[in-house]
Each structure stands twice: as C-alpha cells, then as structure tokens.
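K.L.:
sharing a sequence plus its predicted fold:
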There are 2 protein chains.
Amino acid sequence: MEVVISQDILKANDTIAERIQANFERTGIFAVNLLGSPGSGKTTLLEQLAKHLSVSLRVAVVEGDLATSKDAERIEKLGWPTVQINTGGGCHLEANMVEKALASLPLNEIDLLFIENVGNLVCTAGHKLGEHLRLVILSCTEGDDKVTKYPPMFQKTNAIVLNKTDLLPFTDFNVEQMEHDARLLNPDVEIMQASSRTGEGVETVAHYLLRKRDCYLAETGH
Amino acid sequence: MEVVISQDILKANDTIAERIQANFERTGIFAVNLLGSPGSGKTTLLEQLAKHLSVSLRVAVVEGDLATSKDAERIEKLGWPTVQINTGGGCHLEANMVEKALASLPLNEIDLLFIENVGNLVCTAGHKLGEHLRLVILSCTEGDDKVTKYPPMFQKTNAIVLNKTDLLPFTDFNVEQMEHDARLLNPDVEIMQASSRTGEGVETVAHYLLRKRDCYLAETGH
C-alpha cells in the first residue's frame, strides 16, 4: 500500500517536472539541479560561477531550504533574480514547489536557471524538477566513500564537482578512488575539481555548463 | 490524506521505539542515536571514542547506511559487536529496522549502544529509534549556518559535537555564532568540540556520554 502511494506521488512529481521542462524549452531556459550534502558548498560555488557566467548569460536561481532565506540573500547580491522556497521541514524540493516559485521569475529573460536543492544526498535524488542537467557538489572534507555509500545520487547525476580542493592536502581523500567508484556507477559522469572558496577550477565548471547549454540549445532548435 | 498517513507511520514508529527503549531498560543498555550530514565524521568519532570507552564499557554499534558495509567493517575492527542495516535507498533509520537488527546483538552483554544513523540532516530527525540520547556531529567544514538552516535536527538533539576542529583555522566557521544559534533553538543543548581525526577533544565527549549513562542508570534503578 505504502509503496503504491509513494510511486503515485513520484509519478505526479514527474508529470509536473515534464511540464516545467516543456515550459523551459519554449523560452530556451537551460535548467541545472544543484545537489549535495549540507555545507558541500553549493551556494558558494554559485557565487564563484557568477564571475564567469554573468558576462554572457542572464542567470536566475531558485533556492531550496528547510528554513531561512540566507542563501537567497547571498544570491541576490550577485544581481541574479532569486526565489527562495522554504520547504518547512521537507527534505527535498518537489516539482510543484518549483513550478509555483517560477511564477515569481521573469522567464522570458533567463538563459540559465540554477535550482539549488536542499542539502541532502538521499531524497533529492528521486525528484525531477524539470532540470536538463544535474550537478552534484561533493566536498573533499566529506570523504571519498560517499559515492559508494549514496549510490542513487551519483548514478543519476551528469556531473560531479569535487569541491573544497583547497582543503584536500589536509584530508585523506583519495581522488582516484572516488573517480573510479563514480565511473563504475555512472560511466558517462563528468568529474571536475574546484575550490568555491579560492575560485580555483570554477572556470572549468562554468565552461562545462556553457558547453552543455549550447548542446541543449542546438537540440531544442534555439 | 497524505498527511494522515505520514502521522500514522510516525506513530507506528514511535510505538516500536518505545518498545525498544523498554527492552534496553530491562538490561540497562544506554542507547545513543548518532546523527549528522554525510561525511560529518560519525564513524571516525566512534573509532576515536573506542580508546576512551572500551576500558570500562561493553559497547555495540548498529550501523545505518543506504548501501555497503564499509562503516560496520571499520567498527568491527574495534572489537565491538556490530550490525549493519542497509536501508536500500531509505534516507533514515526507522525503529522497525533497528528492532530487527538488535536480534543479532548480545543484548545482555552491552552497556552502551551506538546507533549510527544515515548521513542526513533532515529526515533522521523525525524518527525515534529507542535512544536515550541524541548526538549530532556537525563538522566545521559544513559552515556555521547549518543550525538555522536545519532547525529540527538541532532542536531535538541533546548534544552537538563540533567536529574536524583541526580544519577550523582553514574555514570561516564562526563558533560563537553557531553556539548562539543552537542555544536559541535549544537552550539546554550541550556543545562540545572535537577532532575525530587527531583525537583532540574526544575525551570530553566520552566523559559526557559516561556521565549521561550514569544518570540514566540511576534514574532507571540499575
């Protein structure tokens, strides 16, 4: 019984996600679902990406959190239109929350939309939000065993950013092991390294997103 | 409808948790629910605590993970009886999983039981597992805003261990701010600092647990 209900809910979520995606494709918005543990550096990475993306693209952000608008306030300082979703205890964003939030954004004036999910390596993996790309931020301080311990997250992502590389020398994180484990689960996954604190490597992430957006525009005939 | 079902499930969970707790109290087991983000250092802290606890107490561990038995293998090396629960994608431990796992442990020969939950700052907060104490491990690399961003976790815990203090000088973590925010949500919360990597501060955590166990034994007439 319980499982049937869950599946129904997931199916309903996917239907809304498809509707959101179709809506994005009408205006040429490329949407990225930004995922990772609490404190993996998602918001700080966005702050760093602004330096590389704001030049050529109109970016907007949907921020998901249990409580507070701290992240949205940080993003607004970048000059990007931002909507904060407070899930009120909910552990992940759902497509219906995103659909409502989008009503507050100028959809005709957005090239790239980041949806920053709640910090969670589990429940967020199961919910599509209309995104074209998933980017998981894994900080090296979390340990190299996270990929095998939280497989759905790493199986379903398009790319992993190994973050906080400025702290790498102070940890026992084995980069090769993590890359090996990730490719075993997900052979096509793109793996990049960055420090959202120093900005090192962030340009590579920005170029990856621009390249993926170009593909998307070509595929959708924009 | 959906909400009613969720409440029923939570109520059923609490009933099992109470049964587990009553069972613990018959034999004088003191149970600790160990919570925190993925990679906050829960298993490493247990490894360090072993040096201080194994002298005087018989310790056992229930390990919760989505997949793999990596953590249980690490704990078994300490000579502590260990059971691994794989939730198969589930984002938190539930009381019925713990109750089944306990059947594999020698309950008459345990003084202190750690239940290491799935790495998650959200869903784990809502599920009682029969524990007498909750200990949240927050690593400084996650940032000082986690307390206000994930309030239920920090509201419902007895204690917080600020972990990875060896990395504190390399972060912008504001310890006073975090402590202030935590006490605003939860005035009685105990806050300790430790580095599960170097072992610094772990003795204080061990003493806190021993003190809390003594109280519990006195209260339950053991």
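P.N.:
Nice, I can see it.

K.L.:
in the longest helix along chain A, what counts as buried?
P.N.:
Ordering each helix of chain A by length in residues (DSSP state H) puts helix A:2-27 first. Residues of helix A:2-27 classed as buried: A:13, A:16, A:17, A:20, A:21, A:24, A:25 (neighbour count, 16 or more other CB atoms under 10 Å in any protein chain shown). C-beta here means a position set from N, CA and C on the backbone, and glycine is covered the same way.

K.L.:
so what does it touch, helix or strand wise?
P.N.:
Using 3 or more CB pairs under 8 Å, 6 or more residues apart in numbering or on different chains; DSSP states H and E, the elements in contact with helix A:2-27 are strand A:30-36, helix A:95-102, helix B:2-27.

K.L.:
centroid residue for chain A?
P.N.:
residue A:34 (1.0 Å; CA atoms, centre = their mean).

K.L.:
wait, doesn't that residue sit right on residue A:112?
P.N.:
No - assessed by CB atoms under 8 Å, residue A:34 is found out of contact with residue A:112, at 11.6 Å.

K.L.:
would you turn the helices and strands packed on helix A:2-27 into CSV with mean pLDDT?
P.N.:
Compiled in CSV, those are given as follows (pLDDT from 0 to 100):
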stretch, mean pLDDT
strand A:30-36, 98
helix A:95-102, 97
helix B:2-27, 85
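
K.L.:
pLDDT weak spots in chain A?
P.N.:
A:1-6 (pLDDT under 70).

K.L.:
now do the strands in it.
P.N.:
Remark: strands assigned in chain A by DSSP state E are A:30-36, A:59-65, A:82-86, A:112-116, A:133-139, A:159-163, A:190-193.

K.L.:
what are the bridge partners for residue A:137, then?
P.N.:
residue A:36, residue A:161 (DSSP bridges).

K.L.:
near it, how many other residues are there?
P.N.:
28 (other CB atoms under 10 Å in any protein chain shown).

K.L.:
also residue A:214?
P.N.:
By other CB under 10 Å, the residues close to residue A:214 number 12.

K.L.:
please apply the same query to the one 4 residues further on.
P.N.:
Burial of residue A:218, expressed as a neighbour count using other CB under 10 Å, amounts to 9.

K.L.:
do the same with residue A:86
P.N.:
Neighbours of residue A:86 (other CB under 10 Å): 16.

K.L.:
ditto for residue A:109
P.N.:
With other CB under 10 Å as criterion, residue A:109 counts 11.

K.L.:
residue A:144 now?
P.N.:
Based on other CB under 10 Å, the number of other residues close to residue A:144 is 22.

K.L.:
quick check: it touching residue A:168?
P.N.:
No - if you go by CB under 8 Å, residue A:144 and residue A:168 don't touch, sitting 10.7 Å apart.

K.L.:
where do the contact lists of the two overlap?
P.N.:
Counting by CB atoms under 8 Å, 6 or more residues apart in numbering or on different chains, the common neighbours of residue A:144 and residue A:168 are residue A:175.

K.L.:
residues of chain A that sit close to chain B?
P.N.:
Counting by CB under 8 Å from any CB of the partner chain, the residues of chain A close to chain B are A:2, A:5, A:9, A:37-40, A:65-68, A:70-71, A:89-91, A:118-123, A:139, A:141-143, A:145-146, A:148-152, A:164, A:166-167, A:170.

K.L.:
filter the residues you listed down to the buried ones and hand me the PyMOL line.
P.N.:
Buried residues within the residues of chain A next to chain B, by 16+ other CB under 10 Å, are selected in PyMOL with:
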select buried, chain A and resi 37+38+39+40+65+66+68+71+90+91+118+119+120+121+122+123+139+141+142+143+145+146+148+149+150+151+152+164+166+167+170
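
K.L.:
tell me which of the residues of chain A next to chain B fall in helices.
P.N.:
Of the residues of chain A next to chain B, the ones assigned to helices by DSSP H are A:2, A:5, A:9, A:70, A:71, A:146, A:148, A:149, A:151, A:152.

K.L.:
with residue B:116 as the reference, measure out to the last one.
P.N.:
Applying CB to CB, to the nearest Å, the value for residue A:152 to residue B:116 is 20 Å.

K.L.:
same question, residue A:85
P.N.:
Distance from residue A:85 to residue B:116, by CB to CB: 31 Å.

K.L.:
the two: which is more packed in?
P.N.:
Neighbour comparison, residue A:85 and residue B:116: the larger count goes to residue B:116, with 27 against 22 (by other CB under 10 Å).

K.L.:
do you know how far the closest residue to the more buried one other than its chain neighbours is from chain A?
P.N.:
Nearest residue to residue B:116 in three dimensions, chain neighbours excluded: residue B:34, at 4.6 Å (CB to CB, 6 or more residues apart in numbering or on different chains). Distance, residue B:34 to chain A, by CB to the nearest CB, to the nearest Å: 15 Å.

K.L.:
hang on, residue B:34 packs against residue B:41?
P.N.:
No - using CB under 8 Å, residue B:34 is not in contact with residue B:41, being 10.3 Å away.

K.L.:
show me whatever sits in contact with both of the two.
P.N.:
Common neighbours of residue B:34 and residue B:41 (CB under 8 Å, 6+ apart) are residue B:137.

K.L.:
contacting residues around the residue nearest to the centre of chain A?
P.N.:
A:42, A:45, A:46, A:114, A:115, A:116, A:117, A:135, A:137.

K.L.:
let's see 6 Å
P.N.:
A:42, A:114, A:116, A:135 (CB atoms under 6 Å, 6 or more residues apart in numbering or on different chains).

K.L.:
which residues touch the last one?
P.N.:
Under the criterion of CB under 6 Å, 6+ apart, the neighbours of residue A:135 are A:32, A:34, A:159.

K.L.:
mind doing that once more with 8 Å?
P.N.:
Contacts of residue A:135 by CB under 8 Å, 6+ apart are A:32, A:33, A:34, A:35, A:157, A:158, A:159, A:160, A:161, A:205, A:209.

K.L.:
can you lay out the residues you listed as JSON lines showing distance to residue B:103?
P.N.:
Output for these, formatted as JSON lines (distance: CB to CB, whole Å):
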{"residue": "A:32", "distance to residue B:103": "45"}
{"residue": "A:33", "distance to residue B:103": "40"}
{"residue": "A:34", "distance to residue B:103": "41"}
{"residue": "A:35", "distance to residue B:103": "36"}
{"residue": "A:157", "distance to residue B:103": "37"}
{"residue": "A:158", "distance to residue B:103": "42"}
{"residue": "A:159", "distance to residue B:103": "42"}
{"residue": "A:160", "distance to residue B:103": "38"}
{"residue": "A:161", "distance to residue B:103": "42"}
{"residue": "A:205", "distance to residue B:103": "48"}
{"residue": "A:209", "distance to residue B:103": "50"}
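
K.L.:
what's the most distant pair in the contacts of residue A:34?
P.N.:
Maximum pairwise distance in those, criterion CB to CB, is 10.1 Å, between A:116 and A:135.
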